[in-house]
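Enquirer: Give me a 3D structure for the following:
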Amino acid sequence: MQDKLLITITILFLSLGSGVLAQEKTLNVFLERNSEQKMAVDLVFENNSTDTIFVSPRFDNLTSAGRMPTHSGIAIDIFRNGNLVGFRGGPYPSEFRFLGGTTIIYPHSSIRLFFDIGNYFPFHLLGNATGKVEVGFFMNYTYIPFGGRPQRVIHFRTNRVTIVEPMEDVEKETDCENGYEN
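Expert: Model (predicted):
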């Protein structure tokens, strides 16, 4: 009886782990700093497989939620000097909606979903601070390989992207550009 229980538990852990491996091998999800707008990031879905993948471009805004449900959504986390900022200001939409319908990601290609973080957080407070400001997403999402079954990724944390550089570094860059060096 104990052997059957051990086998069942082992199979359960392997099946849970295979979903994580599938996400890494099939679809990478990460943030990149947007090159055109200072307070913006791009949420990148990168298809590393030979399958066409479908992703819903609609995510509930979970930023102000007290808990993280299991449906598709994004909670935006802001970090100042490596610490999670304790406030969550700004006018929140109930969802983030990109494009219409379903987004198709062809084999070995990627899509970028634009997020203007400055629309949701009081950056006049963060921008005047000395130190680095970063953004990261804590999210759930679902993707469907063409002809396959939906794959759910629950409680996924993206990488952090720096959107405000420390004031000292900015001043040094400006001085070097003007020909002054310390």
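
Enquirer: Mind checking the pLDDT average for stretch 135-143?
Expert: Taken as a whole, stretch 135-143 carries a mean pLDDT of 91.

Enquirer: Distance-wise, check the residue nearest to Gly147 when sequence neighbours are not counted relative to Ile144.
Expert: Spatially, and ignoring its direct neighbours in sequence, Gly147 is nearest to Asp51 (7.8 Å; CB to CB, 6 or more residues apart in numbering). Using the backbone N, CA and C atoms, a C-beta is placed for each residue, glycine as well. According to CB to CB, to the nearest Å, Asp51 stands 9 Å off from Ile144.

Enquirer: Tell me the spacing between the residue nearest to Tyr106 when sequence neighbours are not counted and Asn81.
Expert: Counting by CB to CB, 6+ apart, Tyr106 lies nearest to Thr52, which is 5.7 Å off, once chain neighbours are set aside. Distance of Thr52 to Asn81, computed by CB to CB: 42 Å.

Enquirer: Next SSE downstream of the longest strand anywhere in the chain?
Expert: Longest strand of the chain, by residue count under DSSP state E: strand 133-145. Next in sequence after strand 133-145, counting helices and strands by DSSP states H and E, comes strand 151-157.

Enquirer: pLDDT (mean, whole number) over that next one?
Expert: Strand 151-157 comes out with an average pLDDT of 90.

Enquirer: in its sheet, what does that strand sit against?
Expert: Strand 151-157 pairs in its sheet with strand 133-145 (antiparallel), by DSSP bridges.

Enquirer: just the strands in the chain please.
Expert: Taking DSSP E as the criterion, the chain carries its strands at 27-33, 40-47, 53-55, 58-61, 73-80, 83-84, 95-97, 103-105, 110-116, 133-145, 151-157, 161-164.

Enquirer: Kindly calculate the angle that the fifth one makes with strand 40-47.
Expert: Interaxial angle, strand 73-80 versus strand 40-47 (axes from the mean of the first three to the mean of the last three CA atoms, to 10 degrees): 130 degrees.

Enquirer: any chance of the strands of the chain in TSV, with mean neighbour count too?
Expert: Below are those laid out as TSV (neighbours: other CB atoms under 10 Å):
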stretch	mean neighbour count
strand 27-33	17
strand 40-47	20
strand 53-55	21
strand 58-61	18
strand 73-80	20
strand 83-84	10
strand 95-97	15
strand 103-105	16
strand 110-116	16
strand 133-145	20
strand 151-157	14
strand 161-164	19
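
Enquirer: Mean pLDDT lowest where, among those?
Expert: The bottom spot among those, by mean pLDDT, belongs to strand 95-97, with a mean of 78.
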